[in-house]
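Undergrad: have a look at this prediction, sequence included:
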Amino acid sequence: MDAFPAMGTVRRRRSRGIPVPAALGREEVPAAGGRRGEEGGGLSRRMALKPPTMRDVALRAGVSPATVSNVLGNRKPVDPVLAERVRQAARELNYQIDRAASQLRTGKARVICALVPRLENPFFTALVASVERRVSVEGYDLIIASSNENEEEEQHRMAALLSWRPAGVVVVPGSDAFVVRGLLESARVPFVTVDRVTDDPAIAAVEVDNAAAAALAARHLLDLGHRRVLVVASSLGYANIRERCAGIHRAYEEAGLAAPGVLEVGLTFEEIDERIERALAADDRPTGIIALTNFVTMGVIAAFKRLGIRSPEEMSLIGYDDYAWMRVSTPSITAVAQPVDGMAAAAWRLLQARMAGEKPARERLACRLEIRQSTRRVGPPLGVRVGSSGAEGAEESGALAPQTPSPG
């Protein structure tokens, strides 16, 4: 035969009688338990010439293409034994779902997008990591962007995310103005806001009881006799920060004392570090500090080190957003712990409801105070403990005798 005279020997496929030049194909590898020429070998020949398809996976697993779609796309429940067989076949063939084709069929990608103010902030990275774990179980991918606390950039980033035609969006607004709301509503994409939320009931939202959580921190310092306290805030331009300040002020006022002063230090670590150090270098130092974000907490600790301030011997510290480093630092840091995993779970739950066409809902979660080694008693308890001051929606970790901190 001389159909391909320049390509060497030719072999025929028995099934169709089509001549195939040997030089164009790879060595045939029979499937496990099979022989050359059987179904497994035929599949290998096809795989040598083109990427694997869903039908190839179905043939390898001995199921229908619909079953493969249900398993790999997390569309419908499938018997666990069959599901594992499909996944094993997909791994053996190195098969990947064609997301583009799926989007063309449905008009929506199996994608959830998340927009946060700063990826450098551990709170936001922990939040999106927890969201990602949840959406991946349901067969979605997560695409993340940050606005860098800039409203113009926030709009550009959201427009880019919406170009993916996502099934839904999780957004932590960069400001109280929520400048990307119009983009989301125009695109008719389901969304949920987290942490920095508005009061509008038409928007699905997940928040914590900020006032109650901060009041816990204030009452802890009151119980330890701290009269001169400094509240260090990132920016009072955010409603959640203002709510935390209000909770602290209310706790002190209920104890019959003047509300503590508030130091606004900015959003970047460099700003925070410099302004805190300048405030603590003054002669009239506070005996206790409440830092209202994790970035601010790190800035306070950095200032302590440079100024040689020993905590808690010279100054007590309560931080925010409890992380592992706070537990292992010396001293371990007393902190208001926000329920990051709980917030992520609630966000995904509310977003799924919106994706299913349900009305917007809101959830408010409680925080807790983790009492450790960075706070100490400086005098008798101040004022009368008022159980109603922020007690709803927050809790102290451990006993109500905080003068003996936990070992961390």
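TA: Done, it's in.
Undergrad: tell me where this structure has helices.
TA: Applying DSSP state H to the chain gives helices spanning 39-49, 54-61, 65-72, 80-93, 99-106, 122-137, 151-162, 181-187, 210-223, 239-254, 269-280, 294-307, 324-328, 340-355.
Undergrad: need the winner for burial among those.
TA: Each of those was scored by mean neighbour count; the highest is helix 210-223, a mean of 27, by mean count of other C-beta atoms under 10 Å. For the C-beta atoms, the positions are set from N, CA and C on the backbone; glycine is no exception.
Undergrad: helices and strands around it, which ones?
TA: On a contact count with 3 or more C-beta pairs under 8 Å, 6 or more residues apart in numbering; DSSP states H and E, helix 210-223 meets helix 239-254, strand 288-291, strand 316-320, strand 334-337, strand 367-370, strand 394-397.
Undergrad: measure how it sits relative to helix 239-254, angle-wise.
TA: Angle of helix 210-223 versus helix 239-254, following axes from the mean of the first three to the mean of the last three C-alpha atoms, to 10 degrees, is 40 degrees.
Undergrad: circling back to that earlier point, tabulate the helices and strands packed on helix 210-223 (JSON lines), appending mean pLDDT.
TA: Shown next, in JSON lines, are these (pLDDT from 0 to 100):
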{"stretch": "helix 239-254", "mean pLDDT": "96"}
{"stretch": "strand 288-291", "mean pLDDT": "97"}
{"stretch": "strand 316-320", "mean pLDDT": "97"}
{"stretch": "strand 334-337", "mean pLDDT": "98"}
{"stretch": "strand 367-370", "mean pLDDT": "97"}
{"stretch": "strand 394-397", "mean pLDDT": "54"}
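Undergrad: as JSON lines, the ones you listed with distance to Met326 would be great.
TA: As requested, those are exported to JSON lines (distance: least, C-beta to C-beta, whole Å):
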{"stretch": "helix 239-254", "distance to Met326": "18"}
{"stretch": "strand 288-291", "distance to Met326": "11"}
{"stretch": "strand 316-320", "distance to Met326": "6"}
{"stretch": "strand 334-337", "distance to Met326": "5"}
{"stretch": "strand 367-370", "distance to Met326": "8"}
{"stretch": "strand 394-397", "distance to Met326": "13"}
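Undergrad: Gly139 is nearest to which of those?
TA: Closest to Gly139 of these is strand 334-337 (C-beta to C-beta; 31.3 Å).
Undergrad: list the buried residues of that closest one.
TA: 334-337 (16 or more other C-beta atoms under 10 Å).
Undergrad: pLDDT score assigned to the residue lying closest to Asn294 once chain neighbours are set aside?
TA: Among residues not flanking Asn294 along the chain, Asp321 sits closest, at 3.8 Å (C-beta to C-beta, 6 or more residues apart in numbering). Note on Asp321: pLDDT of 90.
Undergrad: any idea how far Asp321 lies from Leu93?
TA: In this view, Asp321 and Leu93 are 44 Å apart by C-beta to C-beta, to the nearest Å.
Undergrad: now do the contacts for the nearest residue to Ala344 once chain neighbours are set aside.
TA: Nearest residue to Ala344 in three dimensions, chain neighbours excluded: Ser130, at 3.4 Å (C-beta to C-beta, 6+ apart). Ser130 is in contact with 340-341, 343-345, counting by C-beta atoms under 8 Å, 6 or more residues apart in numbering.
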